[in-house]
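S.K.: Quick one, what's the 3D model for this:
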Amino acid sequence: MVIWGLLTWIASFVAIALVLIGPNIGVVGFLVLLLVMAILFGTLTVEVDDEAIRWWFGPGVFKREVKFSEIKTVQPVINSWMHGIGVRITHDGWVYGVHGFRAVELTLLDDTQIRIGTNQQRKLTDLLEAKVAN
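M.R.: Okay, the predicted model is just below:
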């Protein structure tokens with residue numbers, strides 16, 4: 001939702017620019033770029049099955065998979081505003097998020113850390129802990 005809100009806010013200024021300066025290929029191109037970004041990064045899907053956790057943005061952008069045998073620990077975390085939204089590498093490792101600050105942090109056997117944003121933090125944490133423990 002944060003990405004949609006931010007892109008809508010920016011698009012409103014672009015719409016005002018279109019009204020004030022008239023049709024312009026640069027402004028229309030920027031508006032199309034905003035729409036493409038909204039479609040590609042507007043949602044984050046997390047899928048858990050018997051062998052792995054998978055997640056991706058929109059229609060399948062930045063698709064990742066981690067097998068449970070590769071995970072050392074799972075814990076709920078609260079991201080700060082510095083973690084941002086989208087796909088990022090931070091001091092805490094990789095961060096995948098669309099909105100909000102709640103995430104589940106996976107620490108892999110090679111000590112790589114991955115934070116996956118979710119609005120169902122407790123449910124996802126409990127599910128992953130059960131899968132990793134087996």
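
S.K.: and for the biggest helix by length in the chain, what are the contacting residues?
M.R.: The longest helix of the chain (DSSP state H) is helix 2-21. Residues from elsewhere that reach helix 2-21, judged by C-beta atoms under 8 Å, 6 or more residues apart in numbering: 24, 27-28, 30-31, 34, 37-38, 41-42, 85-86, 98-100. For the C-beta atoms, the positions are set from N, CA and C on the backbone; glycine is no exception.

S.K.: Would you map the strands across this structure?
M.R.: 44-48, 52-57, 61-67, 71-78, 86-90, 93-97, 102-108, 113-117 (DSSP state E).

S.K.: Serialize the ones you listed to a markdown table and add fields for mean neighbour count, mean pLDDT and distance to Leu124.
M.R.: Formatted as a markdown table, the strands of the chain follow (neighbours: other C-beta atoms under 10 Å; pLDDT from 0 to 100; distance: least, C-beta to C-beta, whole Å):
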| stretch | mean neighbour count | mean pLDDT | distance to Leu124 |
| --- | --- | --- | --- |
| strand 44-48 | 16 | 95 | 7 |
| strand 52-57 | 19 | 96 | 9 |
| strand 61-67 | 13 | 93 | 13 |
| strand 71-78 | 16 | 96 | 8 |
| strand 86-90 | 14 | 85 | 18 |
| strand 93-97 | 20 | 91 | 13 |
| strand 102-108 | 20 | 96 | 5 |
| strand 113-117 | 21 | 96 | 8 |
